[in-house]
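# next one to model:
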Amino acid sequence: MKNQFDEFGLDLEDFGLSQEELPENVRAPVEGEAPDENLFLPWHKPRKQWVRDKQWWNQISSHILPHLTGVDTVRYFGLPGDDILDVRYLQQKLSGAGKSVFMLGLLSSQKSWESAQKQLSKALDSAGIHKDSAIEQLNFDHLNDSRSLVYQKMERVGHFDVVNLDFCDNVIAPQLKSRRLSAIKNLLGYQFQVVPRRWLLFLTTRSSKSSSCLETFELLAECLDQNLGVEDFWTEYQARFGAAPLRDRTIDREALDGQHFIDAYTVGIFKIIVNEAVEKRYKIKLDSVVRYGIEGEAAGPDMISMCLVFTKVISRPGEVVQAPLSEPDYALKGLRKLSEMRSVDEIIVEDVDKYAQCVKQKMGLLEQSGRNVDSYIRSVCAADIAAMRITDEDLKDRIAAL
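I've put the predicted structure just below:
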């Protein structure tokens with residue numbers, strides 16, 4: 001029988017009702033099996049807490065809170081995960097600043113969504129989170145279609161001060177092809193129309209060749225090639241990435257591999273975002289970018305975490321407003337920062353006390369989500385402890401002293 005969506009050529013898959021894919025190194029739960037509260041996942045590592053604290057919160061407190069005079073709520077769009085740790089963290093930080101977070105979260109997995117709903121219900125009992133916050137069982141990738149339910153939901157909710165696209169896999173993963181990239185562009189286009197002030201984008205994605213759809217990567221490479229024809233960019237790219245395989249001022253696709261692929265990927269996806277912003281008369285700043293390693297990835301640290309600041313260019317009647325920089329100018333500024341990108345895995349073990357703070361914060365968030373953290377230090381922190389040349393007891397003593 002014909003359903004109500006047939007006239008649009010859509011089915012339930014287009015409305016975000018499919019199951020999201022788990023990373024390869026995470027075992028899918030067995031039907032009827034109780035969740036293992038002692039199982040710690042890759043995003044439970046202390047380095048993720050460093051990202052939340054040093055990247056995300058620093059950007060929110062520096063770029064968003066000062067512009068919310070008389071407004072007590074930060075509007076947040078994210079992919080929260082079933083334990084909603086990111087939301088819990090923002091709830092704590094914003095309640096301390098006298099504000100709250102309004103969240104629209106998306107989860108396409110039925111089991112993850114049910115778990116997140118329980119966590120959200122608990123969070124709503126405490127200060128710092130807006131009562132209308134919601135987690136919808138919808139698939140982010142379906143934002144690539146403006147007729148989809150998820151796009152309509154976003155339109156009904158309104159604008160967001162912070163958009164956090166924290167993906168476990170690659171934006172251009174082989175199974176996604178260009179669909180997620182199109183979804184990101186549609187989200188950017190929507191935000192550029194409706195945000196009345198400055199806003200932030202946090203983007204986390206894998207970037208290695210083995211995790212990428214090479215057909216879709218060509219879109220990133222072509223975008224990079226356009227700037228290699230600009231003299232200043234060409235000179236800077238050679239200076240920053242001197243060993244990169246190039247041919248006639250273009251990226252040599254056949255020779256591109258390992259770290260060179262990661263570099264080209266990162267610059268390319270940044271440039272695509274810059275293009276979207278400049279077309280809509282937004283200023284853009286790449287304020288922070290780091291990377292970290294994924295177990296089993298031979299190319300090296302390929303998980304990229306970047307924070308971008310967008311500021312709307314507004315003119316008063318009769319006022320002559322300086323135009324935003326050109327796309328090549330913004331790309332050149334970002335190129336310098338991208339070439340200096342460091343690994344969180346290295347940064348986090350440089351200061352034992354800061355590491356202890358990250359561990360304490362992370363354990364607290366995990367406890368709030370109902371996990372038993374008795375084995376956390378032994379199970380999760382062993383490699384970091386060895387790198388810092390301390391013992392488990394040393395770390396516990398430092399945590400106790402905080």
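# so Ala243 is in which element?
If you go by DSSP states H and E, Ala243 is not part of any helix or strand.
# surely it is in contact with His260?
Yes: when contacts are counted by Cβ atoms under 8 Å, Ala243 is listed as touching His260 (7.2 Å). (Each C-beta comes from the backbone N, C-alpha and C, glycine too.)
# more crowded one of these two?
Taking neighbours as other Cβ atoms under 10 Å, Ala243 and His260 compare with His260 leading, 19 against 9.
# residues contacting that one?
Phe241, Ala243, Ala244, Pro245 (Cβ atoms under 8 Å, 6 or more residues apart in numbering).
# for it, grab phi and psi.
Backbone torsions of His260, given as degrees, to the nearest 10, read phi -60, psi -40.
# again with Glu295
Backbone torsions for Glu295, taken as degrees, to the nearest 10, come to phi -60, psi 130.
# and it, how many neighbours?
The local packing of Glu295 (other Cβ under 10 Å) involves 8 other residues.
# so Lys111 belongs to a helix, correct?
Yes: counting by DSSP: H, G, I helix; E, B strand; the rest coil, Lys111 falls inside a helix.
# re earlier: what is the lowest-pLDDT residue among the contacts of His260?
Note: of the contacts of His260, the lowest pLDDT belongs to Ala243, at 84.
# how about the contacts made by that one?
By Cβ under 8 Å, 6+ apart, the residues touching Ala243 are His260.
# can you list the low-confidence ranges for this structure?
Judged by pLDDT under 70, the chain has its weakly predicted residues at 1-38, 318-324.
# and the strands in it?
73-78, 100-106, 134-136, 162-170, 199-206, 246-247, 250-251, 282-292, 303-312, 342-343 (DSSP state E).
# helices or strands up against the fifth one?
Read that as strand 199-206. Applying 3 or more Cβ pairs under 8 Å, 6 or more residues apart in numbering; DSSP states H and E, we find strand 199-206 packed against strand 162-170, helix 179-194, helix 258-279, strand 303-312.
# now that strand and helix 258-279, what's the angle there?
For strand 199-206 against helix 258-279, the angle by axes from the mean of the first three to the mean of the last three Cα atoms, to 10 degrees is 160 degrees.
# pull the CA atoms of strand 199-206 into CSV?
Extracted C-alpha coordinates of strand 199-206, given in CSV (Å, rounded to 0.1, in the frame of the first residue of the first chain):
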residue,chain,number,x,y,z
TRP,A,199,28.5,30.6,16.7
LEU,A,200,30.9,27.6,17.1
LEU,A,201,31.5,24.4,15.1
PHE,A,202,33.3,21.5,16.7
LEU,A,203,34.2,18.9,14.2
THR,A,204,35.8,15.5,15.0
THR,A,205,36.5,13.1,12.2
ARG,A,206,38.9,10.4,11.1
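# strands paired with that strand, and their directions?
Each strand paired with strand 199-206, and its direction, by DSSP bridges: strand 162-170 (parallel), strand 303-312 (antiparallel).
# what's next to that strand, contact-wise?
51, 55-56, 59-60, 63-64, 159-167, 169-171, 173, 184, 188, 191, 212, 269, 273, 294, 297, 302-310.
# would you format the strands paired with strand 199-206 as CSV with distance to Asp384 and mean neighbour count included?
CSV is the format used below for the strands paired with strand 199-206 (distance: least, Cβ to Cβ, whole Å; neighbours: other Cβ atoms under 10 Å):
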stretch, distance to Asp384, mean neighbour count
strand 162-170, 21, 21
strand 303-312, 16, 22
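# need those in TSV with distance to Leu120, can you?
Below are those laid out as TSV (distance: least, Cβ to Cβ, whole Å):
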stretch	distance to Leu120
strand 162-170	16
strand 303-312	24
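# domain ranges for this structure?
41-312+323-347, 352-401 (automatic domain parsing).
# burial count for the closest residue in space to Gly229 that isn't next to it in sequence?
Excluding its sequence neighbours, the residue lying closest to Gly229 (Cβ to Cβ, 6 or more residues apart in numbering) is Arg249, at 5.8 Å. For Arg249, the neighbour count with other Cβ under 10 Å is 15.
# Arg249 reaches Glu231, doesn't it?
No: under the criterion of Cβ under 8 Å, Arg249 makes no contact with Glu231, lying 9.9 Å away.
# related to what we said a few turns ago, dump the strands of the chain to CSV, plus distance to Ala400.
Listed next are those as CSV, based on distance: least, Cβ to Cβ, whole Å:
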stretch, distance to Ala400
strand 73-78, 32
strand 100-106, 30
strand 134-136, 35
strand 162-170, 31
strand 199-206, 32
strand 246-247, 53
strand 250-251, 51
strand 282-292, 27
strand 303-312, 30
strand 342-343, 29
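# the helices and strands packed on strand 199-206: which one's closest to Val373?
strand 162-170 (21.6 Å; Cβ to Cβ).
# how big is the angle separating that closest one from strand 73-78?
Inter-element angle recorded for strand 162-170 and strand 73-78: 20 degrees (by the same axes, to 10 degrees).
# perfect, that will be all.
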